[in-house]
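> Provided below are the primary sequence and the corresponding predicted coordinates.
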Amino acid sequence: LITRAFRSQFVIPDFQDFIKDIEEMYWAAKSNTDGKVASYIPQLARASSESWGVSVCTIDGQRFSIGDVNVPFTLQSTSKPLTYAMALETLGPDVVHNYIGTEPSGRNFNELVLDHNMKPHNPMINAGAILVCSLLKTLDKPEMTLAEKFDYVMSFFSRLAGNEVLGFNNAVFLSEREAADRNYALGFYMREHKCYPEKTNLRECMDFYFQCCSMEANCDIMAIMGATLANGGICPITDEKVLRPDSVRNVLSLMHSCGMYDYSGQFAFKVGLPAKSGVSGAMLIVVPNVMGICTWSPPLDPLGNSCRGLQFCEELIKRFNFHKY
Ligand code: DON
C-alpha cells in the first residue's frame, strides 16, 4: 500500500479532489426533504428524517465519511446480498441456484409470487432471501444451533467489513416478527411448493431471516463491505480473501439487476452500478474495481428507496464516469 502511495498508483489518484465532490453532493442531498420514513413497525417509524451519512472506502483502503456515519441502522434488505454471498461461498452457485432464480421479479419485494419453475425469482427479494436463510441454516453446517448460526453469520459479515463488529437490534427483531404476516405467508407458500431443502424448520428459518434484517451496522462499516465486493472479495482493510471472485460476480450481477426493488431497471439504466437498498434507508453501492459506498437516510420514496441516497447516486454518475456502460 505504501509503495503504491509513493508511486501515486491509487485507483483514485487525487483523493482530496474526490472528497470535495463527495462533500458537495452530500450537502446538496441534505436539503432534499422528499420521502417518508418506513412506518410498518414503530421502531423504524422513530428514525429521524434528518439523518444523512455517506461513507466511501476504496479498494486501496482510502476512506472518507461525512454526516451521520457512526449512527447504527438495521441492515434490513441490505443483508440480502450478504447472506446470498455467504451461501454462494459456503454451498457454491450450483446448489444455491438449484433453489433460487436469477431473474428480476418485476414486482414488489414482498409479493406473494414465484417464478415459472415455482422458485423465488432471485435472492434480493424477500422470498429469495428467506430461502437463502433456509439454505444457510439447513445445508451449511447443519449441526449448528440457531444461536451458533447467528454468531457464524455475524462473524462472516464482520470479515466482509474488515473485522468491524456489527450490532443487533432486538426491538426491531421482535417487532419485525410481530408484523410479519406477509413474510409468513411467503414462507408457507414456498413450503406448499416444496421450495426448501428437506429438514427445513420453517419457524427457525423465518426467525433467522428476521435476525439478519435486524443486524446493525453504520455507513463506515457498510462502505468497507462494499469495498470488499469492489475488490473481488479481498477486504482492502485486512487483505483477507473473504469471497471467491465468482461469488462476487454473482452477487454484483444480481445487485445490478434486482437490488433496488421495482426501480432496479431504471437504476441500472440511469446509474449503472450494482446497489442494494433497505427499508432503514441504507444503500450499499459498489463501483467495481474502485470503491464501496454506503449512504444512509431514512426517508424513502414510494418504491422503498432512500430519496437522498438516490439523489447522491444520480449526481455521482453525472460527475464521474462510473456508469458501467
Ligand atoms: O422483510 C421485511 O418485510 C422487512 N424486514 C423489510 C426488509 C427490506 O428492507 C425490504 N426488502 N426488500
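That came through, no problem. Numbers count the residues shown, from 1 in each chain.
> the spatially closest residue to Ile41 that is not a sequence neighbour and the ligand, how far apart?
Nearest residue to Ile41 in three dimensions, chain neighbours excluded: Ser175, at 4.2 Å (CB to CB, 6 or more residues apart in numbering). All C-beta spots, glycine's among them, are computed from the backbone N, C-alpha and C. The spacing between Ser175 and the ligand, counted by CB to the nearest ligand atom, to the nearest Å, is 10 Å.
> can you check Asp115 too?
The value you get for Asp115 to the ligand, if CB to the nearest ligand atom is used, is 17 Å.
> surely that residue meets Glu103?
Yes. Here Asp115 reaches Glu103: they are 6.1 Å apart, a contact under CB atoms under 8 Å.
> what touches both of these two?
His121 (CB atoms under 8 Å, 6 or more residues apart in numbering).
> report the buried residues of the helix or strand where Leu316 lies.
For Leu316, the host element (DSSP states H and E) is helix 307-319. Applying a neighbour-count criterion of 16 or more other CB atoms under 10 Å, one finds 307-313, 315-316 buried in helix 307-319.
> near the ligand, which residues of the stretch 201-325 of the chain?
Residues of the stretch 201-325 of the chain lying near the ligand by CB under 6 Å from any ligand atom: 213, 278-279.
> contact partners for the residue of the stretch 101-250 of the chain found nearest the ligand?
Ranked by CB to the nearest ligand atom, the top residue of the stretch 101-250 of the chain for proximity to the ligand is Phe109, at 3.4 Å. Contacts for Phe109 were tallied using CB under 8 Å, 6+ apart; they are 77, 124-126, 261-262, 304.
> what sits closest to it if chain neighbours are left out?
Ile125 (4.8 Å).
> wait, doesn't the one you found sit right on Gly106?
No. Taking CB under 8 Å as the definition, Ile125 is not a contact partner of Gly106, at 10.5 Å.
> looking at the two, which is more packed in?
It is Ile125, of Ile125 and Gly106, that has more neighbours when counted by other CB atoms under 10 Å, with 25 against 12.
> circling back: okay, and which of the residues of the stretch 201-325 of the chain next to the ligand map to helices?
Of the positions in those, Cys213 sit in helices, assigned by DSSP state H.
> need the per-residue pLDDT for the residue positioned nearest the centre of the chain.
Geometric centre of the chain, nearest residue: Thr78, 2.5 Å, by CA atoms, centre = their mean. The model reports Thr78 with a pLDDT of 98.
> now it, nearest residue through space, not along the chain?
The nearest residue in space to Thr78 (CB to CB, 6+ apart) is Gly278, at 4.2 Å.
> hmm, Ser77 and the one you found touching each other?
Yes. The criterion here is CB under 8 Å, and Gly278 meets it with Ser77 at 4.0 Å.
> hey, what's in contact with both of these two?
Cys213.
> residues contacting the helix holding Leu316, please?
Under CB under 8 Å, 6+ apart, the answer for helix 307-319 is 21, 25-26, 28-30, 32, 34-35, 52, 54, 267, 270-273, 275, 277, 281-283, 285, 293, 295-297, 299-301, 322-323.
> report the rounded mean pLDDT for that helix.
98.
> just the CA atoms of it, as PDB, please.
Output of helix 307-319 as PDB, limited to C-alpha atoms (Å, rounded to 0.1, in the frame of the first residue of the first chain):
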ATOM      1  CA  CYS A 307     -34.600   9.600  -1.600                       C
ATOM      2  CA  ARG A 308     -31.200  11.200  -0.600                       C
ATOM      3  CA  GLY A 309     -29.400   8.000  -1.500                       C
ATOM      4  CA  LEU A 310     -30.900   8.000  -5.000                       C
ATOM      5  CA  GLN A 311     -30.100  11.700  -5.500                       C
ATOM      6  CA  PHE A 312     -26.500  11.100  -4.400                       C
ATOM      7  CA  CYS A 313     -26.100   8.200  -6.900                       C
ATOM      8  CA  GLU A 314     -27.500  10.100  -9.800                       C
ATOM      9  CA  GLU A 315     -25.200  13.000  -9.100                       C
ATOM     10  CA  LEU A 316     -22.200  10.700  -8.700                       C
ATOM     11  CA  ILE A 317     -22.800   9.400 -12.200                       C
ATOM     12  CA  LYS A 318     -23.000  13.000 -13.600                       C
ATOM     13  CA  ARG A 319     -19.700  13.900 -12.100                       C
END
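> quick one: it to chain centroid distance?
18 Å (CA atoms, centre = their mean, to the nearest Å).
> one step back: kindly reformat the residues of the stretch 201-325 of the chain next to the ligand as a markdown table containing pLDDT.
Formatted as a markdown table, these follow (pLDDT from 0 to 100):
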| residue | pLDDT |
| --- | --- |
| Cys213 | 98 |
| Gly278 | 98 |
| Val279 | 97 |
